[in-house]
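S.K.: Mind folding the following:
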Amino acid sequence: MTNNSGKIKAISISKKKGIPKTNIPKCMLVVNHGMDGDIHAGDWHRQISLLAMESIEKMQRAGLPALRPGAFAENLTTEFIDIPSMEIGTRILIGDSAELEITQIGKECHSKCAIFTIVGDCVMPREGIFAKVISSGEIKLDDEVRIVQISESTSKL
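M.R.: Predicted coordinates for the structure are as follows:
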């Protein structure tokens with residue numbers, strides 16, 4: 001795998017906001033909606049959240065070794081692809097047909113989560129990214145994740 005590709009380490013959904021998500025083996029990503037069965041799906045810019053396994057491992061080393069994919073309420077946990085450095089407008093392909101466009105980098109943490117309270121830090125506000133679904137498709141664990149289009153601002157450098 002290169003810097004422009006990686007794989008899906010975990011797929012996670014929840015029926016309620018503000019709780020860790022449950023890991024599932026596969027799911028359908030629906031254009032202009034998000035992840036089928038997840039509370040955050042809908043017609044808005046944060047349909048899917050992504051976090052790198054490498055970011056979770058950072059928090060495990062900081063004092064929470066039991067942290068698992070989905071604990072930060074991310075939908076997709078990736079491995080071997082540099083999620084934190086992606087820019088708004090970048091497009092990624094997952095598996096054969098699901099395509100996402102990055103719409104937001106990080107998020108404001110309104111109330112300090114349990115992870116922040118224990119460790120004094122949380123990676124999701126800085127290293128998590130959000131996307132909308134551009135092309136529908138079923139995704140599953142270990143599917144390849146590839147950057148297929150760099151954002152306009154990056155390509156002009």
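
S.K.: Let's verify residue 41: helix, strand, or coil?
M.R.: The three-state assignment at residue 41 reads coil, by DSSP: H, G, I helix; E, B strand; the rest coil.

S.K.: Apart from its chain neighbours, what residue comes closest to it?
M.R.: Taking C-beta to C-beta, 6 or more residues apart in numbering as the measure, residue 41 lies nearest to residue 34, with 3.4 Å between them; neighbours along the chain are not counted. Placement of C-beta: from N, CA and C, glycine included.

S.K.: how about the one you found, phi and psi?
M.R.: Residue 34 adopts backbone torsions of phi 120, psi -150, taken as degrees, to the nearest 10.

S.K.: just residue 57 next, same as before
M.R.: Reported as degrees, to the nearest 10, the phi and psi values for residue 57 are phi -60, psi -30.

S.K.: so how far is residue 11 from it?
M.R.: 18 Å (C-beta to C-beta, to the nearest Å).

S.K.: Which one of these two is surrounded by more residues?
M.R.: Shown here are residue 57 and residue 11; by other C-beta atoms under 10 Å, residue 11 has more neighbours (26 against 14).

S.K.: So that one sits against residue 142, correct?
M.R.: No - the pair residue 11 and residue 142 does not pass the contact test of C-beta atoms under 8 Å, sitting 10.4 Å apart.

S.K.: what number of residues lie near residue 139?
M.R.: Using other C-beta under 10 Å, residue 139 has 19 other residues around it.

S.K.: Surely it and residue 94 touch.
M.R.: Yes - with contact defined as C-beta under 8 Å, residue 139 and residue 94 form a contacting pair (4.9 Å).

S.K.: So what sits opposite the residue nearest to residue 41 in the bridge?
M.R.: Here residue 34 shows beta-bridge partners residue 30, assigned using DSSP bridges.
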